[in-house]
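1. I'd like to go over a predicted model; first the sequence, then the structure.
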Amino acid sequence: MSHILTALTRRRAWKDEVDFFLMWLRRPQRLGAIAPSGRALARAMAEGIDPDAPGTVVELGGGTGSITRAILDAGVARQDLIVVEREAELCKFISKRYPGVRVLCADARDLKSLLTHAGIGPVKAVVSGLPLVAMTRKDCRRILAGAFAVLVPGGEFLQFTYSPVSPVPKKSLAKLELQGGRSQWVFSNLPPAAVWCYRREGEAPRRVA
Ligand SMILES: C[S@@+](CC[C@H](N)C(=O)[O-])C[C@H]1O[C@@H](n2cnc3c(N)ncnc32)[C@H](O)[C@@H]1O
């Protein structure tokens, strides 16, 4: 039985990669990556979210849902997860695959107003697959400011990157009074990626891992 499940999971992951790649061919700038995150990277992103702590988890840039699945596998209840994704096709894809997860088909740059209007909060963690490095500094700052406007004290913003340096420029961190660091590298991902974790200056992490 377990080998059938493994084979089905692999087939689904392969199909997701093909679908994502076809979308990337049409909209490379908007998607930001050529393939969805691998399982190890998705797991690394979800590590440290405390599923039992009160509050909502917000995922930004859900894509085909590889990180969505890891967040659910980490024990976060479906009703406690909100995914913000800009592409309508991907929103439909995630809604169909993960019924019960709320998907906001919208621009993450409007995060604060989006969550306020939808009456969502408090937010215990923001998990981002957005291509922050490819965005303008202004957009990057706007997204982080929106996230920290809704995050609870000690709440963290998690971001993966293929870059060897912080995906949020130092100047932006200083301006927003945030601190951050790399929590781990995931060398098995293609391409290898690092997980970065940001929180308000002077706050201790609320991590469980
Ligand atoms: C690099 S892909 C990551 C997808 C998925 N999280 C993963 O790890 O495989 C980036 C995703 O962010 C979405 N995205 C890019 N800019 C966005 C924005 N401003 N607001 C919401 N989603 C955005 C893209 O449509 C794409 O699905």
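-> Received it, and whenever you're ready, just let me know what you need. Numbers count the residues shown, from 1 in each chain.
2. from now on I want contacts and neighbour counts done on CA atoms only, so please keep to that.
-> Fine.
3. measure how far stretch 82-94 is from the centre of its chain, please.
-> From the chain centre to the centre of stretch 82-94 is a distance of 12 Å (CA atoms, centre = their mean, to the nearest Å).
4. that should have said stretch 72-82, apologies.
-> 13 Å.
5. what residues of it count as buried?
-> Neighbour counts over stretch 72-82 (16 or more other CA atoms under 10 Å) mark 72, 74, 76-78, 80-82 as buried.
6. can you name the two of those residues that are farthest apart?
-> Ala74 and Ile82 (15.0 Å; CA to CA).
7. still on that earlier bit, cross the buried residues of stretch 72-82 against strands and list the overlap.
-> 81-82 (DSSP state E).
8. ok, so of the buried residues of stretch 72-82, who is nearest Gly146?
-> Closest to Gly146, out of all of the buried residues of stretch 72-82 and judged by CA to CA, is Ile82, at 14.8 Å.
9. name whatever forms a beta bridge with the closest one.
-> Beta-bridge pairing of Ile82 under DSSP bridges involves Val58, Arg102.
10. what distance do you get for it to the ligand?
-> Using CA to the nearest ligand atom, to the nearest Å, one obtains 12 Å as the distance from Ile82 to the ligand.
11. and for Val123?
-> 17 Å.
12. likewise Trp14?
-> For Trp14, the distance to the ligand - CA to the nearest ligand atom - is 12 Å.
13. spell out which parts of this structure neighbour the ligand.
-> Counting by CA under 6 Å from any ligand atom, the chain comes close to the ligand at 30-33, 36-37, 61-67, 84-87, 106-109, 129-131.
14. filter those down to the buried ones.
-> Buried among those (16+ other CA under 10 Å): 31-33, 36-37, 61-67, 84-87, 106, 108-109, 129-131.
15. so which of those sit within strands?
-> 84-85.
16. and the residue nearest to Ser37 when sequence neighbours are not counted, what is it in contact with?
-> In space, and not counting its chain neighbours, Ser37 is closest to Ser66: 6.3 Å by CA to CA, 6 or more residues apart in numbering. Contacts for Ser66 (CA atoms under 8 Å, 6 or more residues apart in numbering) come out as 36-39, 42.
17. for those residues, which one is nearest Lys92?
-> Pro36 (16.3 Å).
18. contacts only, for that closest one.
-> Per CA under 8 Å, 6+ apart, neighbours of Pro36: 16-17, 20, 63-64, 66.
19. what stretches of the chain score poorly on pLDDT?
-> 1-13, 20, 24, 30-32, 34, 205-209 (pLDDT under 70).
20. can you give me the helices for it?
-> Along the chain, counting by DSSP state H, helices occupy 2-26, 28-31, 39-46, 66-73, 88-97, 111-117, 137-150, 170-176.
21. how far off centre is the longest strand along the chain?
-> For the chain, the strand with the greatest residue count under DSSP E is strand 151-161. Centre-to-centre, strand 151-161 and its host chain are 10 Å apart (CA atoms, centre = their mean).
22. list the contacts of that strand.
-> Contacts of strand 151-161 (CA under 8 Å, 6+ apart): 45, 122-131, 133, 144, 147, 167, 193-200, 203-206.
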